[in-house]
Structure formats: C-alpha cells, structure tokens
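# Provide a 3D model corresponding to the input given below.
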Amino acid sequence: MRTVQVTASGNGTAEGRTARPSLSAQAREALRQRIVDRRYPMGARLVEREVAQELEMSRIPVREALRALVAEGLLELLPHSGVRVRNLERDDVRQLYEVWEPLAVQASRLAARAVTDAAPARPPGLDALRACLERAERAAADDEAAHEVAAHTAFHEEVVALAGNPLLSRTMEQLSGQLQLLFGMRAEPAHMRAQHADMFRHIAAGDVESAAASTLLHVRDSRAVAVKSLFGDEDEAAGPAASSWR
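Predicted coordinates:
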C-alpha cells in the first residue's frame, strides 16, 4: 500500500505566506475527484510529497488541500501522522442520510415553490436540472459510472441552487464531499435516474408536496441501495418508501 506522509506547518513560515489559494483550490478539486472516482480507494494513505509530485505542484497547496478535505470528511487523520481516505462505516452512512434526508426534501420543496413564484417566467435553474438528467442518461448509455455519479451529484446541487436559500446552500456544502464519496461507492441502478426525472417533473410543475414526496422516496431508496452496495444487506431503517422500487 502506498503511503503519503502529511506534515504540519505553521502559518507564520515563509512557505505558508506564499501559498496561493487558487492553487490550493485546484489541488483540493483534483484530490476530491480522485477520491470520488476511486483512484484513491477507501483506506488509502496519502503522502503529501507523493501527491505533490503527482499533481505537479509544490507541497504548500497540497498540504492545504489535504487539510481542507479532512475538514470536509473525505480524509481522516491517522493516529501518528498522515491522512487516509475515509472508510465509510455503517454508522457513517446512517448519520449522513439522517441529516441529508430532511435537507434534500426541503430543497425540493423550496425549488418547486421558487418555480411557482417565478411564473410565468421560467427559472434558468430548470434548464440546469434538465441538463444534469441528460448528462446522466448519456453517461449510463456509455457505461461511464464516474460521470453518471457526477451528473447525479450535480442534479442535487442544482436543486439546492434553485431553492434560493443561502443558509441551506451553505449547510449542504458541508455535506457535499461526503455525499460524493458515498455516491461513488454505491451502485447506480437505472431507477435512480427515473426518480430524478420524477423529482424534476414535480419541481418544474411547481408542485411543492409532490416534489417533496418524490425526493423523500429517492433519498430513502438511495440509502437502501448504499447500504446494500457497501455492506451486502438490507437497511431496515431506510423506511417503507425504499422498498417501493424493488
């Protein structure tokens, strides 16, 4: 197993003072993508020096990116030194869905309400949602699982954007990395795309309660799929809605 040692540095060093945030953001995104598409599998140790060589960057932005991904929950600190890709345990999945479920449902409810409030105009966010659905369909047809996961993640992000609630957006940003990690680890059954299409239809129609109900069904089914993919058994806590697609 490859190891990557991450060293700590104080902010008062010349190295820290010359760090460029733009490079740090680029490193963070590159590392996040490698984690989500499983080039860095769960449990893999990441060494700052090796990651910097791989990304062809200095160690400063890489160090900052690793710290940021620890804060996002994609990486975890090792007892003595270094970091590794976080292992998702059953309790991690349960807790993540317990938090995401009400937020996702409320996002769809607010998005549908935003469509109604904007009538007769058509909010541009609807076109972005449709584009995500089309990207997912193309990725599935081409058997590109990573691209399909990215399209599904983007769909949920666009729902939040359409909802137009900055506090909800900031809260969801804190979950985004962990959701991407989870989505990348689970299977992507075809009916998940159909559920997104249902959500889109209700949101576009401004049907607040149907948008919320279809989202609840989707999130609970997503939880059941995740548990079965990761742990090989059923998730009784996912609720009755999860079984309606099987």
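# shaky segments in this structure?
By pLDDT under 70, the low-scoring segments of the chain are 1-21, 187, 234-246.
# center of it - which residue?
Per CA atoms, centre = their mean, the C-alpha nearest to the average position across the chain is that of Gln180, at 2.7 Å.
# so that one makes contact with Arg32?
Yes - using CB atoms under 8 Å, Gln180 makes contact with Arg32 at a distance of 7.0 Å. Quick note: C-beta positions are derived from backbone N, CA and C, even for glycine.
# now for those two: what residues contact both?
Here Gln180 and Arg32 share the contacting residues Leu74, scored by CB atoms under 8 Å, 6 or more residues apart in numbering.
# how far away is the residue nearest to the centre of the chain from Ala118?
Per CB to CB, to the nearest Å, Gln180 is found 29 Å from Ala118.
# likewise for Arg84?
Separation of Arg84 from Ala118 (CB to CB): 46 Å.
# what about those two, which has more around it?
Arg84 (20 against 16; other CB atoms under 10 Å).
# scan the chain for its longest helix.
What stands out as the longest helix in the chain, according to DSSP state H, is helix 90-118.
# just want the angle from the helix or strand following it to helix 90-118.
Downstream of helix 90-118, the next assigned helix or strand under DSSP states H and E is helix 124-141. Interaxial angle, helix 124-141 versus helix 90-118 (axes from the mean of the first three to the mean of the last three CA atoms, to 10 degrees): 140 degrees.
# counting contacts, what elements does the next helix or strand after helix 124-141 pack onto?
Once the chain leaves helix 124-141, the next helix or strand it forms, by DSSP H and E, is helix 145-163. Contact analysis of helix 145-163 by 3 or more CB pairs under 8 Å, 6 or more residues apart in numbering; DSSP states H and E lists helix 21-36, helix 90-118, helix 124-141, helix 166-185, helix 190-204 as its packing neighbours.
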